[in-house]
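*Asks:* what's the 3D shape of this:
(2 chains)
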Protein chains: 2
Amino acid sequence: MSDRTKLRRLPDRGSQEMEAVNAILDAYFLAHVGFVVEGQPFVIPTLYGRKNGKLYLHGSAASRMMRHLETGVPACVTVTLVDGIVLARSAFHHSMNYRSAVVFGIAKKIEGEAEKNEALKIVSDNVIRGRWDEARHPHPQELKATTVLEFTIEEGSAKVRPGGPHDDEEEYAVPSWAGVLPLAVKAVEPIGDERLIPGTPVPEYVKKFKS
Amino acid sequence: MSDRTKLRRLPDRGSQEMEAVNAILDAYFLAHVGFVVEGQPFVIPTLYGRKNGKLYLHGSAASRMMRHLETGVPACVTVTLVDGIVLARSAFHHSMNYRSAVVFGIAKKIEGEAEKNEALKIVSDNVIRGRWDEARHPHPQELKATTVLEFTIEEGSAKVRPGGPHDDEEEYAVPSWAGVLPLAVKAVEPIGDERLIPGTPVPEYVKKFKS
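*Replies:* This is a model prediction of the structure:
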């Protein structure tokens, strides 16, 4: 463990194990990527997919973030799932239930067409499994316009805050409601494109989507 | 507009207007904060609240992020709401519907007890309005253990991607389902603390929570 992963104030919320990190990375699809340009930090949301110790990111070849990350600058990729609001009797003991993975590493550009397609499939499958196999795959000129990055996870840390509030002992007599309001990202009814061919069925992987 | 807010590849998704930024900041409560320590970017999730051109953040006085931010280093605060997965006929035109605000600025520590409480109320009200007024307010020693930061927004940019897929004209004949799978952070049934005084009613602001 290096100094940069000593992020944790509360040791019981932390875990160095990459298993915990990977479980969080695999539970969502939106990351916030941090990089530095002339001393200024940037934090940009992006989709991702994981395979083994690598994350795959993609974007327009013209995007500022892609152009910076592909040079191999130090980067941080953070994925957070919000699981609930923890309401304690005291304001001080309010908290969030969440799972968060913070990983550090360096990205490099993937060059070959087959390798790019493979990485894009990993991202697509992580967002909505089943779609890649149905969608029309990228043309060579589309691949050329897309930067695909392989981000090698050098180290990471996971923080998980589960469960109910922890008030000071004397507060439990206070007749105020306390507990957890669970939150999750949920899908609602899919909305067909206005130019959809009439009668085209909604695929099972869309109906059964779980974030 | 400075160079650091030239983030946008697609001008029609962007808006420099702080109104658009503020609307996004006010629609959620979890930010990802970026800062740099010896060239290494860090991205850490945290709660926030906004009042006028300031964001308020809090954390343990011992937290690494708080100790760095309070020194007035350049920081980036990003808030992203995921609104849906956009399924096009072609893999290339797949997208996310989202709203994202990226703001740059510098934080400073709030020192006075009254000022700290006021800022904590702004954060609390942004997470779940109504709770601050019911909860037991911080004791002086709790306030001392809490760092509260005022982050002045120097500039920011908003990106919003709404609507359906935009395929190439020739793809519309492809008999594949296309459209949007809407996503949102939703609350489910509140879970009372195991030591709740029996019969304590769930407050209206918990029942009616909207993220």
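*Asks:* mind listing what A:Leu25 touches?
*Replies:* Counting by CB atoms under 8 Å, 6 or more residues apart in numbering or on different chains, A:Leu25 touches A:48, A:50, A:55, A:79, A:101, A:103. All C-beta atoms are positioned from the backbone trio N, CA, C, and that covers glycine.
*Asks:* among these, which ones are in strands?
*Replies:* Within the contacts of A:Leu25, residues falling in strands by DSSP state E are A:50, A:55, A:79, A:101, A:103.
*Asks:* so the third one sits right up against A:Tyr28, yeah?
*Replies:* Yes - applying CB atoms under 8 Å as the test, A:Val79 and A:Tyr28 come out as touching, 5.4 Å apart.
*Asks:* comparing the two, which residue is more hemmed in?
*Replies:* A side-by-side neighbour count of A:Val79 and A:Tyr28, using other CB atoms under 10 Å in any protein chain shown, places A:Val79 first with 27 against 19.
*Asks:* bridged to the more buried one, which residues?
*Replies:* Legend: beta-bridge partners of A:Val79 under DSSP bridges are A:Ala101.
*Asks:* might you report the residue contacts of it?
*Replies:* By CB under 8 Å, 6+ apart, A:Val79 lies in contact with A:24-25, A:28, A:30-32, A:48, A:100-101.
*Asks:* now do 7 Å
*Replies:* A:Val79 sits next to A:24-25, A:28, A:31, A:100-101 when contact means CB atoms under 7 Å, 6 or more residues apart in numbering or on different chains.
*Asks:* picking that back up, would you list the contacts of A:Leu25 in TSV and tack on distance to B:Lys159 and pLDDT?
*Replies:* Output for these, formatted as TSV (distance: CB to CB, whole Å; pLDDT from 0 to 100):
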residue	distance to B:Lys159	pLDDT
A:Tyr48	18	98
A:Arg50	24	98
A:Leu55	22	98
A:Val79	19	98
A:Ala101	24	97
A:Val103	24	97
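*Asks:* now flag whichever of those is closest to A:Pro162.
*Replies:* A:Ala101 (15.0 Å; CB to CB).
*Asks:* wait, doesn't the closest one sit right on A:Ala23?
*Replies:* No - checked against CB atoms under 7 Å, the pair A:Ala101 and A:Ala23 is beyond contact range at 8.4 Å.
*Asks:* which one's more surrounded, these two?
*Replies:* A:Ala101 (28 against 15).
*Asks:* ok, that one - contacts?
*Replies:* A:21, A:24-25, A:78-79, A:156, A:158.
*Asks:* what's the distance between it and chain B?
*Replies:* Counting by CB to the nearest CB, to the nearest Å, the gap from A:Ala101 to chain B is 10 Å.
*Asks:* mind checking if the strand or helix carrying A:Gly59 is in reach of chain B?
*Replies:* A:Gly59 is located in strand A:54-60, with elements delineated by DSSP states H and E. Yes - interface with chain B: strand A:54-60 contributes A:Ser60 (CB under 7 Å from any CB of the partner chain).
*Asks:* buried residues in that strand?
*Replies:* Using 16 or more other CB atoms under 10 Å in any protein chain shown as the test for burial, strand A:54-60 gives A:54-59.
*Asks:* out of those, flag the one nearest to chain B.
*Replies:* Distance to chain B across the buried residues of strand A:54-60 (CB to the nearest CB) is lowest for A:Gly59, with 8.0 Å.
*Asks:* how about the closest one, nearest residue that isn't a chain neighbour?
*Replies:* Spatial nearest neighbour of A:Gly59, chain neighbours left out: A:Met66 (4.4 Å); criterion: CB to CB, 6 or more residues apart in numbering or on different chains.
*Asks:* I'd say that neighbour and A:Thr147 touch.
*Replies:* Yes - using CB under 7 Å, A:Met66 makes contact with A:Thr147 at a distance of 4.0 Å.
*Asks:* what about the longest helix in chain A?
*Replies:* Looking across chain A with DSSP state H, the single longest helix is helix A:113-127.
*Asks:* ok, back up a step: can I get the contacts of A:Ala101 in a markdown table with secondary structure?
*Replies:* Supplementary listing: these in a markdown table, determined by DSSP: H, G, I helix; E, B strand; the rest coil:
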| residue | secondary structure |
| --- | --- |
| A:Val21 | helix |
| A:Ile24 | helix |
| A:Leu25 | helix |
| A:Thr78 | strand |
| A:Val79 | strand |
| A:Gly156 | strand |
| A:Ala158 | strand |
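*Asks:* find the nearest non-adjacent residue to the most far-flung residue of chain A relative to its centre, please.
*Replies:* Distance from the C-alpha centroid of chain A, by CA atoms, centre = their mean, peaks at A:Ala173 (39.9 Å). Nearest in space to A:Ala173, with sequence neighbours left out and distances taken as CB to CB, 6+ apart, is B:Ile197 at 7.8 Å.
*Asks:* touching, the one you found and A:Trp177? I think so.
*Replies:* No - look at B:Ile197 against A:Trp177 with CB under 7 Å: they stay out of range, at 9.0 Å.
*Asks:* could you measure from the residue nearest to A:Gly59 over to B:Phe104?
*Replies:* A:Met66 sits 20 Å away from B:Phe104, going by CB to CB, to the nearest Å.
*Asks:* tell me the one of the contacts of A:Leu25 nearest A:Ala135?
*Replies:* A:Tyr48 (18.2 Å).
*Asks:* in chain A, what residue spans correspond to strands?
*Replies:* Along chain A, counting by DSSP E, strands occupy A:14-15, A:30-37, A:40-47, A:49-51, A:54-60, A:75-87, A:95-109, A:146-161, A:179-187, A:191-192.
*Asks:* report pLDDT for A:Phe80.
*Replies:* Quick fix: residue A:80 reads Thr, not Phe. On pLDDT, A:Thr80 comes in at 98.
*Asks:* got a list of what it touches?
*Replies:* A:98, A:100, B:30, B:45.
*Asks:* give me the low-pLDDT residue ranges for chain A?
*Replies:* By pLDDT under 70, the low-scoring segments of chain A are A:1-3, A:5-16, A:211.
*Asks:* A:Ser157 is in contact with A:Arg99, correct?
*Replies:* No - A:Arg99 lies out of contact with A:Ser157 (CB under 7 Å); the separation is 11.9 Å.
*Asks:* you'd agree A:Ser100 is up against A:Arg161?
*Replies:* No - at 8.7 Å, A:Ser100 does not count as touching A:Arg161 under the criterion of CB under 7 Å.
*Asks:* show me which of the two is the more surrounded one.
*Replies:* Shown here are A:Ser100 and A:Arg161; by other CB under 10 Å, A:Ser100 has more neighbours (24 against 16).
*Asks:* nothing else from me, thank you.
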